[in-house]
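S.K.: Quick one, fold the following:
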Amino acid sequence: METNSGFNKSLVQEIESRLPKKNDQLLLLTDVLSIAKEAAYRRLRGDVPFSFTESCMLAKELEISLDSIVGDKHSSGFKIFAPSSGIDVVDHTSYYINLVYQKYEAACRKYEDRPISIMTAYNTIPSSLLQNYPLLFQFRAYKWGYQMHRGGSYLFESLDIEKDRMKVKELVYRLYENAEISFIFGRQIFVSFFKQILHFYELRFISDELFLGLKEELLHLLDTLEWIATGGQSDRCEKIWLYLSHVDFENNYTYVKGENIEEAYIPVYQIHSIYSSDQYICQITKE
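M.R.: You can find the predicted model right below:
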């Protein structure tokens, strides 16, 4: 009984940390659990414990791991992560676009309207910097689709994802409005990105015209980043820092810190991510 009481208390605290306003907490419970407002009040006060099914439904909605709430009982030293997203879509390019959109949509729900600090280390150009550039954004989606494509040719010009790019762009703007951001770039990220473009151009999957367009957008991105580095701010962020590392990274890392929230993210194969709110994981990611 004591353990169950502790679990419910931890779950309520997790809800409060992600939704500080009481009305938002009530709306979450009534919508997700399909219960009356008074029943939601009783659960938030601790009068009525969450059932296992209700706990799972809330964990899925909030993208949290029940393992982290129960507590890590393993003695091996390994920490339990939770997948931040996962859908089954047959078309691989649609799969990519859907995951990118879902990632930023979830981040907006979680962080919007609260000041946060985002620290990142990237060995590739982050997707958040590509959403202003139609061809560069399209190329990232194209490369994913090509790698997943089975047989035959897959031309760059065959994609039409402009509407998707605009939706992602709006989410990125919303996410960054109240954020302080630090980008740490591996030394080869721009050269590596251009070599990827060049590879597909030499395979004749990218036309001469689109190749020149990609090159022009990449140069424009470099100019924009130089302007940001000089002024310390962008058109959406009050404070932004850019660092160019002398070394390359084995992976990409993101650390998010805000009021009542601290999380670490490690992207997997460009668009999937695993994340953790475990204090130790967050600390070593930050360091």
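S.K.: Now for this structure, the helix or strand with the poorest mean pLDDT.
M.R.: strand 82-83 (a mean of 54; mean pLDDT, DSSP states H and E).
S.K.: immediately after it, which helix or strand?
M.R.: helix 92-111 (DSSP states H and E).
S.K.: Which residue ranges of this protein form strands?
M.R.: Taking DSSP state E, the strands of the chain run over residues 82-83, 116-122, 179-185, 239-244, 253-258, 261-268, 272-276.
S.K.: Which positions in the last one come out as buried?
M.R.: This points to strand 272-276. 273-276 (16 or more other CB atoms under 10 Å). All C-beta atoms are positioned from the backbone trio N, CA, C, and that covers glycine.
S.K.: what's the closest of those residues to residue 250?
M.R.: Closest approach to residue 250 among these (CB to CB): residue 274, at 15.0 Å.
S.K.: Just the pLDDT for that closest one.
M.R.: At residue 274, the model reports a pLDDT of 82.
S.K.: ok, it touching residue 264?
M.R.: No - look at residue 274 against residue 264 with CB atoms under 8 Å: they stay out of range, at 9.1 Å.
S.K.: Look at residue 195 and say how many residues are nearby.
M.R.: 10 (other CB atoms under 10 Å).
S.K.: What's the separation between it and residue 101?
M.R.: 28 Å (CB to CB, to the nearest Å).
S.K.: Give me the residue at the spatial middle of this protein.
M.R.: Centrality entry for the chain: nearest residue to the mean C-alpha point is residue 103, 4.5 Å, by CA atoms, centre = their mean.
S.K.: returning to what we had before: which of the strands of the chain sits closest to residue 215?
M.R.: strand 179-185 (19.3 Å).
S.K.: Which elements pack onto the closest one?
M.R.: Packing partners of strand 179-185 (3 or more CB pairs under 8 Å, 6 or more residues apart in numbering; DSSP states H and E): strand 116-122, strand 239-244.
S.K.: winner for burial among those?
M.R.: Most buried of the helices and strands packed on strand 179-185, by mean neighbour count (mean count of other CB atoms under 10 Å): strand 116-122, with a mean of 19.
S.K.: for that strand, packing partners?
M.R.: Secondary elements touching strand 116-122 (3+ CB pairs under 8 Å, 6+ apart): strand 179-185, strand 253-258.
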